[in-house]
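Peer 1: here is a sequence with its predicted model. Questions after.
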Amino acid sequence: MQQHRRHYFLPSLILAALCAASVAAEPHQHGDAQPSREAKWQATLAKQQSLVVSAVFDAQGRLWRAQVKDGHVLVDHSADDGASFSAPVAVNPEKEPIGAEGDSRPKLAVAPDGALYVTYTRLLSKPFSGDIRFSRSLDGGKTFSAPVTVNDNRDIISHRFDALTVGGDGKVYVLWLDKRDEAAAKQRGETYLGSALYYAVSADRGASFAANVKLADHACECCRIALDLAPDGVPVTFWRHVYGDNERDHAVLKLDGKAAPRRVTHDKWRIAACPHHGPALAIGADGEYHLAWFNNAPQARGLFYARSRDGGETLSPPLAVGDAAAQAGHPAVASAGREVYLVWKEFDGEFSLIRMQHSADGGVSWSAPSTVARSADASDHPELLTRGADVYLSWNTLREDYRLIALNGTMP
């Protein structure tokens with residue numbers, strides 16, 4: 001049983017330790033008791049296989065996947081809801097060390113006109129360093145363009161944890177966490193907590209990108225960035241932010257060029273490290289924000305859900321979700337009309353479980369938790385996909401392989 005626990009939790013602990021080392025002083029080493037940061041990083045670079053999968057439906061209802069194998073981002077698709085897949089196509093013809101574990105994974109977006117866009121993080125030689133890479137396919141996934149680096153700062157520092165979407169205006173938006181401002185602060189002898197949040201936009205279907213733009217200073221440096229579209233087609237991002245003396249709470253920002261980042265959680269988890277545990281966001285057709293996040297503050301431990309009807313200016317009272325004793329974490333949320341689905345991962349001592357709660361009234365009231373999938377070995381974090389009014393769980397596991405599970409009709 002203890003062996004299963006290591007399967008489930010050890011990768012997250014390793015990644016959290018790496019992120020902690022990036023923001024805290026290097027711990028004193030006693031002989032060979034602990035590997036160095038460099039040794040840990042080299043092990044990350046050498047890793048060949050990954051369970052992380054990103055998936056999305058296109059306008060025709062086909063399922064597209066992006067995953068990493070042997071240093072390549074591979075994209076394939078299914079016309080039968082995951083029962084079978086096309087032959088995979090390599091996005092990057094040359095092998096690269098790719099960030100593909102936990103909150104770091106390639107991203108995949110499909111435009112209404114059928115264009116496919118992919119981003120991923122190429123890991124570099126120094127610990128925690130990387131570049132954001134982009135490629136596109138304009139022929140239905142048959143071929144992909146040569147990957148290009150989106151971050152215009154090319155120092156060997158951290159540009160990682162990318163997020164990707166296509167706006168209602170057809171523009172391609174790429175966001176990521178960037179350490180260039182921390183590096184500049186160090187040169188001035190100043191302290192800089194976390195990373196900056198940057199983005200770049202392409203108005204020509206990914207043929208070129210405008211100059212990088214900083215959205216915020218002091219984002220948490222190893223947590224995934226959540227991203228969804230408001231009803232007007234403008235992207236909204238939700239991320240873990242560093243406030244004051246290392247309070248790791250969350251902020252939202254609409255990328256309309258007018259809004260400023262707004263703090264939306266006040267759990268006040270103070271930790272001088274990144275927990276590698278990013279939030280989730282879904283925006284309903286009525287404009288309501290559905291937010292889910294993890295925290296470990298003294299008065300707020302575990303997973304929480306809240307909704308906002310005014311763009312994050314006010315939130316409903318946070319709802320505690322899941323069993324903290326079962327390591328509840330890594331939530332995903334989806335909205336389809338008034339239906340809202342919330343899933344997360346737990347561990348019962350033997351199995352990794354995907355647990356779910358469902359709301360039929362826009363997040364006002366919720367069903368009791370139920371288990372919709374399980375695995376007795378290593379597994380990816382869960383993702384939720386929507387196709388019209390239908391919602392699906394996308395989950396990859398070592399033992400059962402990839403699964404696409406329809407959640408409509410599974411409510412208790």
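Peer 2: Right, received. Where do you want to start? Numbers count the residues shown, from 1 in each chain.
Peer 1: lowest confidence element among the helices and strands of this protein?
Peer 2: Lowest by mean pLDDT, DSSP states H and E among the helices and strands of the chain is helix 2-23, with a mean of 38.
Peer 1: which residue packs closest to the residue most central in space within the chain, ignoring adjacent ones?
Peer 2: Nearest to the geometric centre of the chain sits Arg224, at 3.8 Å (C-alpha atoms, centre = their mean). In this structure, Arg224 finds its nearest non-sequential neighbour in Gly278, 3.2 Å apart by C-beta to C-beta, 6 or more residues apart in numbering. Quick note: C-beta positions are derived from backbone N, CA and C, even for glycine.
Peer 1: so who does that neighbour touch?
Peer 2: Applying C-beta atoms under 8 Å, 6 or more residues apart in numbering, we find Gly278 in contact with 103, 161, 223-226, 239-240.
Peer 1: so which residues of the stretch 1-150 of the chain form strands?
Peer 2: Assigned by DSSP state E, counting those that start in this stretch, the stretch 1-150 of the chain shows strands spanning 49-57, 63-69, 72-78, 89-90, 107-110, 116-123, 130-137, 148-149.
Peer 1: closest one to Pro35 among those?
Peer 2: Of all those, it is strand 116-123 that lies closest to Pro35, at 17.0 Å by C-beta to C-beta.
Peer 1: figure out how far the closest one is from the centre of its chain.
Peer 2: Distance of strand 116-123 from the chain centroid (C-alpha atoms, centre = their mean, to the nearest Å) equals 13 Å.
Peer 1: same question for stretch 89-102.
Peer 2: Between the centre of stretch 89-102 and the centre of its chain there are 17 Å (C-alpha atoms, centre = their mean).
Peer 1: repeat for stretch 93-104
Peer 2: Computed by C-alpha atoms, centre = their mean, the chain-centroid distance of stretch 93-104 equals 14 Å.
Peer 1: can I get it in PDB, CA atoms only?
Peer 2: Provided in PDB are the C-alpha atoms of stretch 93-104 (Å, rounded to 0.1, in the frame of the first residue of the first chain):
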ATOM      1  CA  PRO A  93      10.900  17.300 -35.500                       C
ATOM      2  CA  GLU A  94      14.000  17.700 -33.400                       C
ATOM      3  CA  LYS A  95      14.000  16.100 -30.000                       C
ATOM      4  CA  GLU A  96      13.900  18.600 -27.100                       C
ATOM      5  CA  PRO A  97      13.700  18.300 -23.200                       C
ATOM      6  CA  ILE A  98      10.100  19.300 -22.600                       C
ATOM      7  CA  GLY A  99       8.300  20.300 -19.400                       C
ATOM      8  CA  ALA A 100       5.600  17.700 -19.100                       C
ATOM      9  CA  GLU A 101       4.800  16.800 -15.500                       C
ATOM     10  CA  GLY A 102       2.200  18.100 -13.000                       C
ATOM     11  CA  ASP A 103       1.300  21.700 -13.700                       C
ATOM     12  CA  SER A 104       3.600  21.900 -16.600                       C
END
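Peer 1: buried ones in it?
Peer 2: Counting neighbours by 16 or more other C-beta atoms under 10 Å, one finds that the buried residues in stretch 93-104 are 96-104.
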